[in-house]
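Student: this one's sequence-less:
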């Protein structure tokens, strides 16, 4: 490992090299979707991204003979540790050539950074927290990633496990190819529940999106609080994410369930912009001309796949059929009428209730993402 140099990213030039290293790793991967470079810069901007108001992170590059051969992020979220009474730090944004020594050097850099924070365990891949992209894809690498999900080469699993990491938790992604079949199964269920529970389901008010995002945060932080890996969205984080997703939001794809004046649940689905991003190679402009933007808008308008990002119901209403009613509305108004199919993700492997529900309405589990963990004392 003496020929591997690890350096922390401290300049704009190094940050850009950190971002663009992915193009080297995925040059021969037809399933990879190049990220939008301007979005990646915003995500890594310490002054702009709200994670840095309560947490901290650092980026590292690995070089051999002056050439970049790997990258990684270390992150520390005091909110997560306070909530779960743990002492965990995270690694994320991991990319490496197929070389055990490079991977070992990168993980040791993260471990050293986290030790200085007083952490005793490392978990990942997690980009800041589980509210962002997380998990290592461990199967079905031929399918392109949908919006806000991960993609990686198959050999990453061996690299990570060879460095002593073990499985902490798996997440599932489901594919929804036959919405008509799902609607037929859901209608009688939803009708029975509707007679028992006086619930109102409405579309999201995009004209007052700031207030709507606060309501979604309220539901999310209550509905997910007992889930493994949960960390509450701060108000700044939900505003940041709302701003990022606003250009993609469609009212019929964002539904809120209310009992009286109280929010009880929500469902959020967004068009899979990744199917358009594949055509612009990360750039909105070429030689100063908005060629990439024109392509993005062209392919976005033709996108007929979507990702169901979140479905949450506050615990006291979970036996009221609100989840079934929300999914039925999405299936009928967003999928059948508009001709969409798509992905439902991510669900925890031991969330048996939601996984059985998805199987029952005809969804097919087609991808698995894994979170790994390791005591920091064993690194290196």
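Tutor: Received the coordinates, thanks. Because the structure is a prediction, the values reported are computed rather than measured.
Student: Name the residues of the strand or helix carrying residue 7 that are buried.
Tutor: Using DSSP states H and E, residue 7 falls within strand 4-8. Residues 4, 6 are the ones in strand 4-8 that count as buried (16 or more other C-beta atoms under 10 Å). Every residue, glycine included, has its C-beta placed from N, CA and C.
Student: before we move on, what about stretch 366-377?
Tutor: Result for stretch 366-377 [16+ other C-beta under 10 Å]: buried residues 367-372, 374, 376.
Student: Where do the helices of the stretch 201-350 of the chain begin and end?
Tutor: Taking DSSP state H, counting those that start in this stretch as the test, the helices found in the stretch 201-350 of the chain are 209-223, 235-245, 274-277, 291-300, 322-329.
Student: Pick out the shakiest of those helices, pLDDT-wise.
Tutor: Of all those, mean pLDDT reaches its minimum on helix 291-300 (a mean of 66).
Student: about what we covered before: by pLDDT, give me the weakest of the buried residues of stretch 366-377.
Tutor: residue 376 (93).
Student: OK, contacts around residue 371?
Tutor: Contact analysis of residue 371 by C-beta atoms under 8 Å, 6 or more residues apart in numbering lists 123-126, 134-136, 167-171, 229.
Student: Buried ones among the residues you listed?
Tutor: With burial judged by 16+ other C-beta under 10 Å, the buried subset of those is 123-126, 134-136, 168-171, 229.
Student: Rebuild those as a markdown table, extending it with distance to residue 11, pLDDT and secondary structure.
Tutor: Formatted as a markdown table, those follow (distance: C-beta to C-beta, whole Å; pLDDT from 0 to 100; DSSP: H, G, I helix; E, B strand; the rest coil):
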| residue | distance to residue 11 | pLDDT | secondary structure |
| --- | --- | --- | --- |
| 123 | 28 | 98 | strand |
| 124 | 25 | 97 | strand |
| 125 | 24 | 98 | coil |
| 126 | 25 | 98 | strand |
| 134 | 27 | 96 | strand |
| 135 | 30 | 98 | coil |
| 136 | 29 | 98 | strand |
| 168 | 34 | 98 | strand |
| 169 | 36 | 98 | strand |
| 170 | 37 | 98 | strand |
| 171 | 35 | 98 | strand |
| 229 | 33 | 93 | coil |
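Student: How many residues are close by the nearest residue to residue 77 once chain neighbours are set aside?
Tutor: Take residue 77 and drop its neighbours on the chain: the residue closest to it by C-beta to C-beta, 6 or more residues apart in numbering is residue 55, 4.5 Å away. Residue 55 has 20 neighbouring residues, counting by other C-beta atoms under 10 Å.
Student: For residue 55, give me phi and psi.
Tutor: Torsion angles at residue 55 (phi, psi; degrees, to the nearest 10) stand at phi -120, psi -170.
Student: quick one: the helices in the stretch 1-150 of the chain?
Tutor: 12-25, 37-43, 78-84, 100-116.
Student: Could you say which of the ones you listed is packed most deeply?
Tutor: Among those, ranked by average contacts under mean count of other C-beta atoms under 10 Å, first place goes to helix 100-116 (a mean of 21).
Student: Just checking: what are the partner strands of the strand holding residue 7?
Tutor: Partner strands and pairing direction for strand 4-8 (DSSP bridges) are strand 56-64 (antiparallel).
Student: Now the strand it pairs with: buried residues?
Tutor: 57-64.
Student: roughly how far is it from the heart of the chain?
Tutor: Here the centre of strand 56-64 is set off from its chain's centre by 21 Å, with C-alpha atoms, centre = their mean, to the nearest Å.
Student: mind listing what residue 130 touches?
Tutor: 229-231.
Student: Kindly indicate which of those lies nearest residue 221.
Tutor: Using C-beta to C-beta, residue 230 comes nearest to residue 221 of the contacts of residue 130, at 8.6 Å.
Student: I figured the closest one hits residue 220, correct?
Tutor: No - taking contacts as C-beta atoms under 8 Å, residue 230 lies outside contact range of residue 220: 9.4 Å.
Student: When the two are compared, which one has more neighbours?
Tutor: When residue 230 is set against residue 220 and neighbours are counted by other C-beta under 10 Å, the residue ahead is residue 220, at 20 against 17.
Student: Where does pLDDT dip in the stretch 251-380 of the chain?
Tutor: 285-295, 298-299, 378-380 (pLDDT under 70).
Student: how about 80 then?
Tutor: Low-confidence segments of the stretch 251-380 of the chain (pLDDT under 80): 283-301, 377-380.
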